[in-house]
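Trainee: Sequence and computational prediction follow.
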Amino acid sequence: MDRRFLLGVALMVLIALAPSILFKKQPKPVPVQTDGRTGGQADSSPVAPPAAATGAAPAPALPSVRPPDRPSAQEDTIPVSSGLYRYDFSTRGGRLIQAVLEQYHPTGKGQGKAPLALLPADGALFDLAVLAGNDTLHPGDWTLTASATQLDVTAPVTITFTGGDHGRTVQLTYRLHPDGYQIDVGGQITGVGPNGGMLLVGLGHGLRNTESDSANNAREFALVTRQQESKLLRLQSLDPGETKALAGPFEWVGLKSKYFVAAVLAGDEPAPRISGAVLTALPIQPGYRKPTGAQTWLSLPLGADGRFSFEAYVGPMEFRRLKAVGHDFDDVNPYGWPGFRTVIRFFSAPVRWLLLTMHQGLGLGYGIVLIIFGILVKVVLWPLQAKAMRSSMKMQELQPEMKRLQTKYSADPAKLNTEMMALYKTHGVNPLGGCLPMLLPMPFLLALFVVFQYSIELRGAPFLWLTDLSQHDPYYIIPLVMGLSMYATTKVGQIGMPPNPQMTMMVYVMPAMMTFLFAQFPAGLNLYYAVQNLAGLPQSWMMMKERVKRNPIQKK
C-alpha cells in the first residue's frame, strides 16, 4: 500500500502538469472575414459576423479596426490621481491612455522600480464609435473639452468630456473612487438618428508585459468573457492579423495579463448588455513567437436618446476587490485548466481565502503563513493518516493468509474474491483504507500550485533570501530541502517493513523525481510541501515504532 501511495503521488503530479500541455482548447469564436491585408485591418465597410453555431445571438456589426496610433499634438492629457492609481485621460475622445498603479512595480529586468504603468505607450481604453444605420461615427477622434485640467481623488469625483462634430455631440462622464479601481462610465451621443444605434467601446490592444518571467506572462495575455461561465481566449492562440468575433450577450469582457486586467462590465441591468466582442491580433512583436496583443472592440446597445452607461475596472486582480465588484468578476482569472477547473476551484478558493485572512488578519508574512498552514493541514489530517497507516499495517499482517488463499483458489477467481472479502471483514480491514487517506493532502497541493501561480497577492512576497514566493527559488535551496524531507519521511516510514527491492528503489527515486519536477515551481509551493514532510516525520516515527512492536520479527 505504501508503494501504491507513492505511485499515487506521482500520478497527482502528472495530473498537475498534463492539463497545461494537453488541454489548450480555447472557446470557439465566430470567424469574421477580413480583406487579408497585413496588420489585421478589416475591410473599411462594417462587418456583420454570422451567428454562432451554438445558437447564441449573433455579434453585431463592428467598424473596421484601426491600428493603434500615438496621441496627436492637439490633445491634452488630464491626470486623475489617488493613492492607488493615476489615470491619464486624453481630450481626444476622452480616452484613457495610461493607468499607473501606484502600489505596484514592474518586476521585469530594466523596468526600474517606478509605479507600474499598465498600458503600452500606444494603447488606449474606451475609444468610442457608433453604428447608426449605414453611418459609422468616431467620437473617439473628436477633440473634446474636459471639465478639469487635473483631479486628486480624495472622495468620489467626476470628470466630463464634451464636444461635437458636424452637428453631432458627445458628453462622456467618468466617476472615479479613491479606494478602488472601478470607474463608472456614462454619457450621451446626439445626432445618431431616432432609432438609436450600437455603441462600440475600444478595449485597447493589450497590456504591458511587466513581469520578470515575460514569456510566462505573455502566455497569460487573454480575452475573458462571462456568460453563464467564464471563457478564456489566449491571444497567443491567434495568428497575426486574424480576426475573431465572440457572440454575447456578456456580463463582462476583459483583457488580462497574469496579474492585471482592463474590463468593461454591463452594470446592474436585469440582463447582460454587452452584445459581443471582436478582436484582431496584432503583428508579432520582437522577442516573441506569437501575438501578444489584439485590437479589441465591444458593442453595447445605444438607446434612441443616445444615452449609455457601463462600469469599468482597470487595475490588479486582487481577489477581494474583484469579489466586491460582483457579477462573478473574481472569475476573470479562471483558476486551473479546462476539465479540472471546477474541482480545483473547490479547493483553491478556500485555500486562497485562508492564506489572505492569515496574512491580513494576523499581520504575518506569507512565508510564515505557509509554514503555519502546512502544519495545520498536517494536524487536521493526522487522525486520517494514522488510520491509513494502521490499515496498511493490518494488510501487511494478513499477507501470509492472503497468499494462502491465492494459492488455494488460483483456479477460481470468484471464490478467491469471496474469501478475500470475508478475510477483510473478519479482521476489520478496508483494502483501500491505506491508500485514499494518504492522498488527501494532494488537493491542497494542487490548490496551492494554482494559487501561487495566479494570485497577485503573492506577487513579490519575500521570505528569507527569496524576493518572490510566487517565483522559483533561484538557488534551488527550498526544492532540495523539500526533496530531502520527502526522502527522510519515506525512509522512516519503511523501517520495520518486509524487504522489498521495488520499495527500496522508490525511496530514492521518488524524492529525486519530485525535486526535479518542483525545481521550477513557485518557491512557496516547495516551502509548503517541505513543511508538510517535516511536520509528518513525528507521525512516521510513531507509526514505525508501532509497526515494529506489532511485528518484532521485522525489527531489523
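Mentor: Alright, I've got the coordinates.
Trainee: Break down the protein into its helices, ranges please.
Mentor: Counting by DSSP state H, residue ranges of the helices within the chain are 2-22, 214-219, 319-325, 341-362, 366-397, 399-408, 413-427, 441-454, 477-493, 501-518, 523-550.
Trainee: Dump these to TSV, plus distance to Ala294.
Mentor: No exception for glycine: its C-beta is placed from N, CA and C like everyone else's. Written out in TSV, the entries for these read as follows (distance: least, C-beta to C-beta, whole Å):
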stretch	distance to Ala294
helix 2-22	22
helix 214-219	13
helix 319-325	22
helix 341-362	23
helix 366-397	34
helix 399-408	62
helix 413-427	59
helix 441-454	21
helix 477-493	37
helix 501-518	34
helix 523-550	32
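Trainee: Can you lay out these as CSV showing mean pLDDT, distance to Asp127 and mean neighbour count?
Mentor: Listed next are these as CSV, based on pLDDT from 0 to 100; distance: least, C-beta to C-beta, whole Å; neighbours: other C-beta atoms under 10 Å:
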stretch, mean pLDDT, distance to Asp127, mean neighbour count
helix 2-22, 46, 34, 15
helix 214-219, 87, 24, 17
helix 319-325, 90, 23, 16
helix 341-362, 81, 33, 16
helix 366-397, 81, 39, 18
helix 399-408, 80, 73, 12
helix 413-427, 80, 70, 13
helix 441-454, 76, 29, 21
helix 477-493, 87, 46, 20
helix 501-518, 79, 45, 16
helix 523-550, 82, 39, 20
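Trainee: what's the neighbour count on the closest residue to Gly83 other than its chain neighbours?
Mentor: If the residues on either side of it in the chain are set aside, Gly83 comes closest to Glu102, at 6.3 Å by C-beta to C-beta, 6 or more residues apart in numbering. One way to gauge burial is a neighbour count; for Glu102, by other C-beta atoms under 10 Å, it gives 14.
Trainee: Over to the one 5 residues further on?
Mentor: Other residues near Thr107 number 21, with proximity taken as other C-beta under 10 Å.
Trainee: any idea how far the nearest residue to it once chain neighbours are set aside lies from Ser82?
Mentor: Excluding its sequence neighbours, the residue lying closest to Thr107 (C-beta to C-beta, 6+ apart) is Ser212, at 4.3 Å. Look at Ser212 and Ser82: by C-beta to C-beta, to the nearest Å, they are 27 Å apart.
Trainee: doesn't Phe310 make contact with Glu251?
Mentor: No: between Glu251 and Phe310 no contact is recorded; they are 11.1 Å apart, counting by C-beta atoms under 8 Å.
Trainee: what residues do these two have in common as contacts?
Mentor: With contacts taken as C-beta atoms under 8 Å, 6 or more residues apart in numbering, the residues that reach both Glu251 and Phe310 are Leu265, Ala266, Ile274.
Trainee: Looking at these, which one is closest to Glu397?
Mentor: When these are compared for distance to Glu397, the smallest value, 62.2 Å, is given by Leu265; criterion: C-beta to C-beta.
Trainee: contacting residues around the closest one?
Mentor: Residues counted as contacts of Leu265 (C-beta under 8 Å, 6+ apart) are Glu251, Trp252, Phe310, Glu311, Ala312, Tyr313, Val325, His327, Phe329.
Trainee: Swap in 7 Å and give it another go.
Mentor: Residues in contact with Leu265 (C-beta atoms under 7 Å, 6 or more residues apart in numbering) are Glu251, Trp252, Phe310, Glu311, Tyr313, Val325, His327, Phe329.
Trainee: what would the residues you listed look like in a markdown table with distance to Thr467?
Mentor: As requested, the contacts of Leu265 are exported to a markdown table (distance: C-beta to C-beta, whole Å):
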| residue | distance to Thr467 |
| --- | --- |
| Glu251 | 37 |
| Trp252 | 34 |
| Phe310 | 39 |
| Glu311 | 35 |
| Tyr313 | 28 |
| Val325 | 30 |
| His327 | 35 |
| Phe329 | 30 |
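Trainee: Counting neighbours, which of the residues you listed comes out on top?
Mentor: Ranked by the number of neighbours (other C-beta under 10 Å), these place Trp252 first, at 29 neighbours.
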